[in-house]
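**Student:** What follows is a protein structure lacking sequence information:
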């Protein structure tokens, strides 16, 4: 596997991405992959790096949101029953650079548009456990497979699904999504390790940077700091990265 030479000026961007994503309970993998794409590094080799960074940041978010009392294991369970094995299988599958670029471009475009257009939805009441299980298992299966292949945790997809269905408010959604991201990222990363698609050297510096960003972002998110303008800026960056991949 070729060495990854990252310019020094790229590291502050990793800090910013970790801060923004962790503030809403996400690990930031789609943001890290967008940075790699913007700087011309588009290869399945970056997927396990993004997954490892995802684990670091999303774990921080999960601990802070759980400590604040927002986590619901009952809401998480139906999704991870199918997503964890699907994420491992997705990470184990070998895909070409071209297919990776197309899939990543679509994920970044969806994520960017979602950040730009998606707004808070009112939570429903008295949602049956049966309904959550019936929809949660197939949703988790699809999101887990995509997560493993591309190198994301799937939270950028799970969050809008939970909110649109009205199963939780924003804070509880962030808590559940962070746990979902950690578990899927571990499973997907294991799949990449099994097939030998791992390059961890860049994590020494990037890991420290995203830990700092993740801690600050999680703290700000749990304290209910408004992120409307930051969300818009991040959405624009992701859309630009997706267009770069396509064109």
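**Tutor:** Received the coordinates, thanks. Just so you know, these numbers come straight off a predicted model, no measurement behind them.
**Student:** what's the longest helix in the chain?
**Tutor:** In the chain, assigned by DSSP state H, the helix with the most residues is helix 170-194.
**Student:** which helices and strands sit right next to that one?
**Tutor:** With contacts taken as 3 or more Cβ pairs under 8 Å, 6 or more residues apart in numbering; DSSP states H and E, helix 170-194 sits against helix 47-67, helix 73-92, helix 129-150, helix 155-165. In short, each C-beta sits where N, CA and C put it, glycine included.
**Student:** going on from the second one, what's the next piece of helix or strand?
**Tutor:** Looking back up the chat, that one is helix 73-92. Per DSSP states H and E, helix 73-92 leads on to helix 97-117 as the next helix or strand towards the C-terminus.
**Student:** pretty sure residue 84 is touching residue 183, no?
**Tutor:** Yes - with contact defined as Cβ atoms under 8 Å, residue 84 counts as touching residue 183 (5.7 Å).
**Student:** Out of the helices and strands packed on helix 170-194, which gets nearest to residue 107?
**Tutor:** helix 129-150 (5.6 Å; Cβ to Cβ).
**Student:** how far off helix 170-194 does that closest one point, in degrees?
**Tutor:** Relative orientation of helix 129-150 versus helix 170-194 (axes from the mean of the first three to the mean of the last three Cα atoms, to 10 degrees): 40 degrees.
**Student:** Just the buried positions in helix 129-150, please.
**Tutor:** Buried residues in helix 129-150, counted by 16 or more other Cβ atoms under 10 Å: 132, 136-137, 139-141, 143-150.
**Student:** Include pLDDT when you put the residues you listed into TSV, please.
**Tutor:** As requested, the buried residues of helix 129-150 are arranged in TSV below (pLDDT from 0 to 100):
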residue	pLDDT
132	90
136	93
137	95
139	93
140	93
141	95
143	89
144	91
145	90
146	86
147	84
148	86
149	86
150	83
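**Student:** Mind putting those residues into JSON lines with distance to residue 33?
**Tutor:** Output for the buried residues of helix 129-150, formatted as JSON lines (distance: Cβ to Cβ, whole Å):
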{"residue": "132", "distance to residue 33": "30"}
{"residue": "136", "distance to residue 33": "26"}
{"residue": "137", "distance to residue 33": "27"}
{"residue": "139", "distance to residue 33": "22"}
{"residue": "140", "distance to residue 33": "21"}
{"residue": "141", "distance to residue 33": "22"}
{"residue": "143", "distance to residue 33": "16"}
{"residue": "144", "distance to residue 33": "17"}
{"residue": "145", "distance to residue 33": "17"}
{"residue": "146", "distance to residue 33": "12"}
{"residue": "147", "distance to residue 33": "12"}
{"residue": "148", "distance to residue 33": "14"}
{"residue": "149", "distance to residue 33": "12"}
{"residue": "150", "distance to residue 33": "7"}
